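Student: only geometry, no sequence info:
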């Protein structure tokens, strides 16, 4: 453990669960890197994703964005292709985009598709799936309204999905954000996640939560407060 990391640990009370406001203020005191670190939230949910009815998944456009520049590729043709380009898509294509992906060229971060192009996208599902890039209606990335999807992704949309162990990880801003902006982004994400609570999930929905920077220790969050964040 480095000297820098030990100094950061001294600023956190490891025995305490922090409320959102105090957690974000504490996090701001942990900034130490020479680059603009990402603010990350980690949650462990009391669900079993092996059951389809307990798969927690969705998307939310954060009020203050993520602070990250996102490159968007869109599968669309005709008028939809024109709409995607006008909305700011970085790449728009059909067969040519399939060929590019098969060759292993990924000069984009998110894939959006018009419904009539999903047959094409299916050809590269085995490539996009493991990279977490497969378009899905639940995250708004398969839609007839490709223009809105592009604007949402560019504007700070965060997709969330539980892994096999019930964990969700998401970037909700940058260290350079004001504490209030981080709080408001976190609240928006928690509203979306709390809405997705499966009816079949038993017991307390959120088991644990923590906030951290790319290069910092984590700040433990008050689970009861997180559960209370609803619209």
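Tutor: Arrived safely. Only a predicted model underlies this, so the values are computations on that prediction, with no experimental measurement involved.
Student: Report pLDDT for residue 214.
Tutor: Turning to residue 214, the model gives it a pLDDT of 94.
Student: Touching, it and residue 38? I think so.
Tutor: Yes - applying Cβ atoms under 8 Å, one finds residue 214 in contact with residue 38, separated by 5.1 Å. Every residue, glycine included, has its C-beta placed from N, CA and C.
Student: Need phi/psi at residue 3.
Tutor: phi -60, psi -40 (degrees, to the nearest 10).
Student: gap between it and residue 10?
Tutor: According to Cβ to Cβ, to the nearest Å, residue 3 and residue 10 sit 11 Å apart.
Student: circling back to that earlier point, residue 214 and residue 38: who's more crowded?
Tutor: Shown here are residue 214 and residue 38; by other Cβ atoms under 10 Å, residue 38 has more neighbours (18 against 14).
Student: any idea where the helices of the protein begin and end?
Tutor: Under the criterion DSSP state H, the chain contains helices at 3-9, 20-28, 78-86, 95-102, 118-122, 125-128, 146-154, 179-195, 223-227.
Student: Could you say which of those is packed most deeply?
Tutor: Most buried of the helices of the chain, by mean neighbour count (mean count of other Cβ atoms under 10 Å): helix 146-154, with a mean of 23.
Student: That one - contacts with which helices or strands?
Tutor: Where contact means 3 or more Cβ pairs under 8 Å, 6 or more residues apart in numbering; DSSP states H and E, helix 146-154 is packed against strand 72-75, helix 78-86, strand 110-113.
Student: Kindly reformat the ones you listed as CSV containing mean pLDDT and distance to residue 180.
Tutor: Formatted as CSV, the helices and strands packed on helix 146-154 follow (pLDDT from 0 to 100; distance: least, Cβ to Cβ, whole Å):
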stretch, mean pLDDT, distance to residue 180
strand 72-75, 97, 28
helix 78-86, 97, 33
strand 110-113, 96, 27
